[in-house]
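> here are the coordinates; sequence isn't available:
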Ligand SMILES: Cc1cc2nc3c(=O)[nH]c(=O)nc-3n(C[C@H](O)[C@H](O)[C@H](O)COP(=O)(O)OP(=O)(O)OC[C@H]3O[C@@H](n4cnc5c(N)ncnc54)[C@H](O)[C@@H]3O)c2cc1C
């Protein structure tokens, strides 16, 4: 049994004064790394070590999970079996119970072989951690093991037509009807609501309370009568977002997450996870590496000096960003307090790099990259999609506001 369990070695706590323990820990972590490496060599199919071209190159799980290839399914199944979709979650809730240090090693080894994510999942990235922290025992038992096995696909019901950056202005109403909440209202930009099984939804439960105090979070089964998700067709040709309507939707009382009227704090917690995820390019899957873009040049060299300089600038910023992410991960592992507003910093840096990467790919592709028909057009669509990184999970401007207040102390 080589799994490094969270409680056995106390990773994540400061290690001063624990020299013996620290040596042991290093040995165990080295063993763990060796074993992870071997396991990945045997279990991650070659096809799953190639870059994803977009978010459709990995499965999303759910009640009606779809897999594009046998390799994708095999990779997903093996990681589920290993419990490594949620490596840090407690074993009783379907995770592997790994320590922060072991989770970091696992992430490094996956990155080393450039493994695709076995699943893309708002359950794992956003609502799972919130249920783990704020949920009742019953909610943990009901939802977490299914998220950890990729069996349920979640969507995020936050934005509304009049509430995006100013999210706390949301109006979707949840009335207390004793054994249930009666939900009426509308969400917008709900990614993949039409394909999702459950939604974590921000509602106004106390209309008399001040803006941020009257908000709650409900966990809503998308098959409940009265919910309609209408996809919105986008410039990229896809229809990833929905307008989601609630018409007298009855949600069981016990589906309230955390305390009633205290949902704003949970929403901020979920948003910080979302921003880390977007900033960490987990959404895109394979982490980009310096030199990747240059390697796609037709003759291995940019003929144009401006493009060469832009590629070099991009690679340098990418190396600095990876070093910053590593420092943040080390701080989390060692229990040091992270930089204030860290998710917003990560989000803005990651979004900027993502947009530059896709723009450079267009420059490298030349006129062929400008195609926008059914067979071609992948580069142009991906480029258009990348612009949304500056908006999703809170816009770049709003993140600067958060950084100005929380990290720089500006009013
Ligand atoms: C790819 C993608 C996926 C998304 N998925 C979801 C989802 O699954 N669920 C969900 O609920 N929402 C989702 N959203 C919505 C997203 O959260 C909102 O679009 C975002 O919060 C911005 O809100 P808005 O579109 O209403 O823009 P607005 O808030 O109207 O902002 C318009 C412009 O004004 C600027 N602005 C606004 N306020 C300020 C301020 N105080 N200071 C400076 N500038 C400001 C903004 O930066 C922006 O440029 C998604 C969006 C995208 C692009």
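The structure has been received and is ready for your questions. Note that the coordinates shown come from a computational prediction; the quantities given were computed from them, not determined experimentally.
> just the helices in this protein please.
Secondary structure of the chain (DSSP state H): helices located at 6-9, 19-43, 70-82, 100-112, 122, 128-134, 137-148, 263-279, 292-295, 305-334, 342-369, 378-386, 396-406.
> right, so of the ones you listed, which gets closest to the ligand?
For the ligand, the closest of the helices of the chain is helix 396-406, at 3.5 Å, according to CB to the nearest ligand atom. In short, each C-beta sits where N, CA and C put it, glycine included.
> Pull out the buried positions in the closest one.
Buried residues in helix 396-406, defined by neighbour count with 16 or more other CB atoms under 10 Å: 396, 398, 399, 401, 402, 403.
> Let me see the contact set for the closest residue to residue 229 other than its chain neighbours.
Spatial nearest neighbour of residue 229, chain neighbours left out: residue 193 (3.8 Å); criterion: CB to CB, 6 or more residues apart in numbering. Residues near residue 193 by CB atoms under 8 Å, 6 or more residues apart in numbering: 155, 157, 187, 199, 222, 229, 241, 242, 244.
> Top of those by number of neighbours, please.
Using other CB atoms under 10 Å as the neighbour test, those are led by residue 157, with 31 neighbours.
> Tell me what that one is bridged to.
When assigned by DSSP bridges, residue 157 has beta-bridge partners residue 201.
> so residue 60 makes contact with residue 117?
No: with contact defined as CB atoms under 8 Å, residue 60 does not reach residue 117; the gap is 10.5 Å.
> So those two - more neighbours on which side?
Taking other CB under 10 Å, residue 60 and residue 117 do not tie; residue 117 has more neighbours (23 against 20).
> Please tell me how far that one sits from the ligand.
From residue 117 across to the ligand, the span is 17 Å (CB to the nearest ligand atom, to the nearest Å).
> Repeat that for residue 395.
3 Å.
> what does residue 219 give?
Separation of residue 219 from the ligand (CB to the nearest ligand atom) stands at 15 Å.
> Name all residues that make contact with that residue.
Going by CB under 8 Å, 6+ apart, residue 219 touches 127, 131, 139, 143, 198, 199, 200, 201, 255, 256, 257.
> so it bridges to which residues?
Counting by DSSP bridges, the residues bridging with residue 219 are residue 200.
> burial count for residue 90?
Look at residue 90: counted by other CB under 10 Å, it has 17 neighbours.
> Adding distance to residue 168, write the contacts of residue 219 out as a markdown table.
Listed next are the contacts of residue 219 as a markdown table, based on distance: CB to CB, whole Å:
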| residue | distance to residue 168 |
| --- | --- |
| 127 | 19 |
| 131 | 22 |
| 139 | 24 |
| 143 | 25 |
| 198 | 23 |
| 199 | 19 |
| 200 | 16 |
| 201 | 15 |
| 255 | 21 |
| 256 | 18 |
| 257 | 17 |
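> and which of those residues is nearest residue 354?
Residue 354 has its nearest neighbour among these in residue 127, at 23.5 Å by CB to CB.
> contacting residues for the spatially closest residue to that closest one that is not a sequence neighbour?
Computed as CB to CB, 6+ apart, the closest residue to residue 127 that is not its neighbour in sequence is residue 200, at 4.5 Å. By CB under 8 Å, 6+ apart, the contact set of residue 200 is 126-127, 130, 154-157, 217-220, 257, 270.
> and with 10 Å instead?
Residue 200 makes contacts with 122-123, 126-127, 130-131, 143, 154-158, 217-220, 255, 257, 263, 266-267, 270, as judged by CB atoms under 10 Å, 6 or more residues apart in numbering.
> Within range of the ligand, give me the residues from the protein.
For the chain, the contact set with the ligand under CB under 6 Å from any ligand atom comprises 155-159, 164-165, 189-191, 388, 391-392, 394-395, 397-398, 401.
> mind redoing it with 8 Å?
By CB under 8 Å from any ligand atom, the part of the chain that sits against the ligand consists of 122, 155-160, 163-167, 187-193, 202, 240-241, 385, 388-389, 391-398, 400-401.
> Now, of the residues you listed, which are buried?
The neighbour-count test (16+ other CB under 10 Å) marks 122, 155-160, 163-164, 167, 187-193, 202, 240-241, 385, 388-389, 392-396, 398, 401 as buried among those.
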